[in-house]
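1. Structure of the sequence below:
(one chain, ligands or ions: 1)
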Amino acid sequence: MDYPRTYQEFRDWFPDDAACVEYLARLRWPDGFICPACGGDRCWRTAAALWMCADCGRKTSVTAGTIFHRSHTPISTWFAAAWVVTSQKTGVSAVGLQRVLGFGSYETAWAWLHKLRRAMVRPDRDQLAGVVELDEAFIGGQSAGRKGGATGKVPVIIAVERVGPRKLGRVRFGIDDAPGTHRMLEFAAATIAAGSSIHTDGARFLRGLATMGYQHSYVTGYNAPDIGQVLPGVHLVASLLKRWIAGTLQHQVSLAHLPYYLDEYAFRFNRRTSTAPGMLFYRLLQQALATDPHPLATLIAK
Ligand SMILES: [Zn+2]
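-> Residues are numbered from 1 along each chain as shown. Prediction:
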């Protein structure tokens, strides 16, 4: 795979915007340019980031339809932000990004982080499979201050693959309306492959899983004190997630944006065994190319 391994390599690979554009083009068209209008593969370069189809004449920007599109900021700054966000093991807060990149405002750094977080969800991601633990945990509720802070705790649905006695696979998060609703069943149907073996606590409505094409094992005693022993995977993930939110985000978690923080945490967790820092950077850019642009207004409206 094709990515810089260290910060020095990152600097060498991307000295200017042109180098960044070439890299995006390689990610977007690994087998060479393909015209999105006619499928032609012959082209001319007409401007820095524009490819013109030799068959139909249509011009295509390598950043069209991505989070980088129509940004007033140089693409090399976007690359630097993506590197900062992915090269630190636990990520970075908006304040941290603002400091490293010298952004004038906190709001700018915050908006960038959210655009990058949107790119962390793979649009076509696979379903979990095998043995999967499913449960809920309360997240949030520790406001850093009054303005926009958290007002309560949110029930977050957690599904994690158990691939060995002490080994976890991939994770998915969802947000419930209230603790223990049927949304957990909808979440399971959307994120866990049929035929999987799902382990849960003994809540009665979860027994519906057995009629949805899953093998369902559950432990009775909903409030059993040893529930952490019964579902060790989800409880470990819940405590890591809480620690990450407290440490990296420094409690600056608005509940309205919790889904994006969950996306970022899932992105990191599911790639935690990738040792090269550049690997996350590569994946993030690759996914960013498949992500619609999100103007700041739509982020705030959410
Ligand atoms: Zn064409």
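2. Over to Lys167: give its phi and psi.
-> phi -130, psi 130 (degrees, to the nearest 10).
3. again with the one 3 residues further on
-> With angles defined as degrees, to the nearest 10, Arg170 sits at phi -90, psi 160.
4. What sits closest to it if chain neighbours are left out?
-> Once flanking residues are discounted, Arg170 sits nearest to Asn270: 4.7 Å by CB to CB, 6 or more residues apart in numbering. Bear in mind the C-beta positions are built from the backbone N, C-alpha and C, glycine included.
5. What is the neighbour count of the one you found?
-> 19 (other CB atoms under 10 Å).
6. List, one by one, the residues from this protein near the ion.
-> 35, 37-38, 40, 53, 55-56, 58 (CB under 5 Å from the ion).
7. re the thing from before, hang on, the residue nearest to Arg170 packs against Val171?
-> Yes - using CB atoms under 8 Å, Asn270 is in contact with Val171, at 6.3 Å.
8. thinking again about what came up before, restricted to buried residues, select the residues of the chain next to the ion in PyMOL.
-> One line in PyMOL is enough to select the buried ones among the residues of the chain next to the ion; burial here means 16 or more other CB atoms under 10 Å:
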select buried, resi 35+40+53
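9. Let me know the closest of the residues of the chain next to the ion to Glu107.
-> Using CB to CB, Arg58 is the member of the residues of the chain next to the ion that lies nearest Glu107, at 36.0 Å.
10. Can you give me the distance of the closest one to Trp44?
-> Remark: distance between Arg58 and Trp44 (CB to CB, to the nearest Å) = 12 Å.
11. Now for these two: what residues contact both?
-> Met52 (CB atoms under 8 Å, 6 or more residues apart in numbering).
12. ok now the helix or strand Trp78 falls within, how far from the chain's centre?
-> Secondary structure from DSSP states H and E places Trp78 in helix 75-87. Centroid separation for helix 75-87 versus its chain: 15 Å, with CA atoms, centre = their mean, to the nearest Å.
13. same for it, what does it pack against?
-> If you count contacts as 3 or more CB pairs under 8 Å, 6 or more residues apart in numbering; DSSP states H and E, helix 75-87 packs onto helix 7-13, helix 17-28, helix 94-101, helix 106-118, helix 277-288.
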